[in-house]
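Participant: sequence plus predicted model, see below.
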Amino acid sequence: MTELCFSEFAKCVQKSLQPPNNDMDTVTLLLKWITDKPNVLDKKNNPINIDPKMVSELLSRKIDVHKSIKDACSTKAILSEAIKHCEKKILPSLNPIVSDDMYEAMNRAVMADETMASRKKKKLNQMFDDGKEAEFLANLLMYVINRDNRNPNIPVSETDIPFLAEVNYKCPICQRPLVEALKNTQIRRYGIVHIYPDSIKELDSQFSTVKKPKNINISENKIALCIDHADAYEADTTFEDYLKLKKLKQSMAALYSVRMEINSSSLDEEIKDILIALANIPANANLEELSMDALRLDQKILSENILLLNDEMTRVLRYYHYIEELFAAMEREGTGDFDLIASEIRTAYKKLTKSQLSQEEIVNELAEWIKNKSNVGDRNMRACHIIVAYFIQNCEVFDEISK
């Protein structure tokens, strides 16, 4: 549970419900006992019908909880009813194997909420510590119903930018964008999670085999994930998931470090002219293909990288001579220095070899670096890859494989 709102509360409960536990089942369990009350009506004074549209919009945070439901949940009497409902309906519906994880996730969200009154936090935390599950659940249900459920579109925090940059602004698990641009404002679509969680399940003894960080809030113990994966990880952190995320963090941190290093490398601005020319080859151009006898990529690309080899061979065979002509024209006209560009490509490649990147990752990072340095944009990414293939053939990228 990443935020204190009805949607996140419902999703947290849903993960711990025994079947039937789809979206409709979950929202019905949480709200129908309230909507059945005669005074809980919609704006047209009709009974509130918990239908698929309402459920979908509540869980996707497109709408707020109906005002009449909020109004009904604003008295001490309704709180007593809520506790009874939790005791008789909700608690018996929970999966006892994972219900403790649900309570812990909820309590963590309570303690992390910066807008909740400290007195309210203390009361909820005390109920949690005392094992008063029905009271804790009922009080929190009443609280989230009265909170704004609509997506708040929270702007990206400056303190989160290093974590976002580390994962290239994409969830490292599903590649979903972590930031959305709305009206010239960068909106957060992510959560920053603790890799070694701040609360470990007592029964998961495997965590005792690894060293807990002295301070779990250090950057090495944090990673940016999309909201769904952040929520899932915090709700139920298994030891296996911890090991996977720790390994992912290490690889992303290493890759980010390499990116920062090669970004400090310069690239002659005349490479942009080559890229633009490549991207605008006329449809009727008569390209002289490179002879297979001259091909040497299979001496540099590992045999297990067959798809990469096929891609680079296609690029080299078709465009090598054309790129040679472009570079030759540049030299003749005095508009650029081929040797300088080749040296810069080689320098960037050598920096990448210090990492544990695969050959395919090195090719992708070089293409991305060329795109960024030349400011040609994503639409010319193919041209950047063709340039990388040219320099693989030309020996600046990848050394011959030792036999």
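Facilitator: Nice, thanks for sending it over.
Participant: which sections of the stretch 101-250 of the chain are below the confidence cut-off?
Facilitator: For the stretch 101-250 of the chain, residues meeting the criterion pLDDT under 70 lie at 199-204, 235.
Participant: helices along that one, start to end?
Facilitator: Using DSSP state H, counting those that start in this stretch, the helices of the stretch 101-250 of the chain run over 118-129, 133-146, 161-166, 227-235, 239-263.
Participant: if I look at the nearest residue in space to residue 322 that is not next to it in sequence, how far off is residue 384?
Facilitator: Spatial nearest neighbour of residue 322, chain neighbours left out: residue 287 (5.4 Å); criterion: CB to CB, 6 or more residues apart in numbering. All C-beta atoms are positioned from the backbone trio N, CA, C, and that covers glycine. Remark: distance between residue 287 and residue 384 (CB to CB, to the nearest Å) = 18 Å.
Participant: out of these two, which sits in the busier spot?
Facilitator: For the pair residue 287 and residue 384, the greater number of neighbours falls to residue 384 (25 against 13), based on other CB atoms under 10 Å.
Participant: assumed the more buried one was part of a strand.
Facilitator: No. Assigned with DSSP: H, G, I helix; E, B strand; the rest coil, residue 384 falls outside any strand and is helix.
Participant: go ahead and confirm it touches residue 365.
Facilitator: No. At 11.0 Å, residue 384 does not count as touching residue 365 under the criterion of CB atoms under 8 Å.
Participant: the residue of the chain most remote from its centre and residue 219, how far apart?
Facilitator: Computed with CA atoms, centre = their mean, the residue of the chain farthest from its C-alpha average is residue 332, at 47.8 Å. For residue 332, the distance to residue 219 (CB to CB) stands at 51 Å.
Participant: residue 108 too?
Facilitator: Here residue 108 is placed at a distance of 20 Å from residue 219 (CB to CB).
Participant: more crowded one of these two?
Facilitator: When residue 108 and residue 219 are compared for neighbours, residue 108 comes out ahead with 19 against 12, by other CB under 10 Å.
Participant: does that one touch residue 1 like I think?
Facilitator: Yes. Assessed by CB under 8 Å, residue 108 is found in contact with residue 1 at 7.3 Å.
Participant: identify the contacts common to the two.
Facilitator: Common neighbours of residue 108 and residue 1, using CB atoms under 8 Å, 6 or more residues apart in numbering, are residue 234.
Participant: does residue 313 sit in a helix, a strand or a coil?
Facilitator: Per three-state DSSP, residue 313 ends up helix.
Participant: now for it, how many residues are close by?
Facilitator: Using other CB under 10 Å, residue 313 has 19 neighbouring residues.
Participant: chain neighbours aside, what residue packs nearest to it?
Facilitator: residue 297 (5.6 Å).
Participant: shouldn't that neighbour be in contact with residue 312?
Facilitator: Yes. Residue 297 is in contact with residue 312 according to CB under 8 Å; the separation is 5.4 Å.
Participant: which parts of the strand or helix carrying the residue farthest from the centre of the chain are buried?
Facilitator: Assigned by DSSP states H and E, residue 332 belongs to helix 306-333. By neighbour count on 16 or more other CB atoms under 10 Å, the buried set for helix 306-333 is 308-309, 311-313, 315-323, 326-327, 330.
Participant: in this structure, mark out all the strands, start to finish.
Facilitator: Secondary structure of the chain by DSSP state E: the strands cover 179-182, 185-188, 190-194, 222-226.
Participant: domain map for this protein?
Facilitator: Under the assignment automatic domain parsing, the domains of the chain span 6-146, 158-263, 271-393.
Participant: reformat those domains as CSV; add distance to residue 399.
Facilitator: Putting the domains of the chain into CSV (distance: least, CB to CB, whole Å) gives the following:
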stretch, distance to residue 399
domain 6-146, 50
domain 158-263, 18
domain 271-393, 7
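Participant: and for residue 297 and residue 312, which residues touch both?
Facilitator: Common neighbours of residue 297 and residue 312, counting by CB under 8 Å, 6+ apart, are residue 392.
Participant: dump the residue contacts of residue 140.
Facilitator: Each residue near residue 140 by CB under 8 Å, 6+ apart is listed here: 4, 9, 106, 110, 124.
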